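**Student:** could you look at this predicted model? Sequence included:
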Amino acid sequence: MKKTNVVVIGVAGRMGREIARLVRASEGLALSGAPEQPGPAIGQDAGFVAGLGVELGVKVQANLAAALDGADVVID
C-alpha cells in the first residue's frame, strides 16, 4: 500500500509536534516535508525537532516550495 506523503508546516511548534507524532503513528501516512520559519530547527531532522526521539530522515527546511515536493497532503 502506498503511503500518503504529509507535509507538516511548523513542526517545531506545539501543534506541529503533535501532528508529526500522529503521522508517524499512522500506518498509511509518512512525513515527507517539514518547513519551518528560519531559526535553530533548520537543517535538523524533523523527528528530533518534533520531540519524537527518532530520526525520520526528513530535514526541517525554510524553503516551503522544496518541502512541498512530492506531498499529497499539507497540514498547517
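**Tutor:** On my side now, so go ahead. Residues are numbered from 1 along each chain as shown.
**Student:** CA atoms for contacts and neighbours, from now on please.
**Tutor:** Will do.
**Student:** who's in contact with the residue nearest the centre of the chain?
**Tutor:** The centre of the chain sits closest to residue 34, judged by CA atoms, centre = their mean, with a distance of 3.5 Å. Listed by CA atoms under 8 Å, 6 or more residues apart in numbering, the contact partners of residue 34 are 7, 8, 9, 10, 11, 46, 58, 59, 60, 61, 67.
**Student:** element containing residue 20?
**Tutor:** helix 14-25 (DSSP states H and E).
**Student:** CA atoms of whichever helix or strand comes after that helix as CSV?
**Tutor:** Toward the C-terminal end, the helix or strand that comes next after helix 14-25 (DSSP H and E) is strand 29-35. The C-alpha coordinates for strand 29-35 follow below in CSV (Å, rounded to 0.1, in the frame of the first residue of the first chain):
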residue,chain,number,x,y,z
LEU,A,29,1.0,8.1,6.4
ALA,A,30,4.6,9.3,6.0
LEU,A,31,6.1,12.6,6.9
SER,A,32,7.6,13.9,3.7
GLY,A,33,8.3,17.6,4.5
ALA,A,34,8.7,19.9,7.4
PRO,A,35,9.0,23.6,6.5
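**Student:** neighbouring strands for strand 29-35, and are they parallel or not?
**Tutor:** strand 4-8 (parallel), strand 60-61 (parallel) (DSSP bridges).
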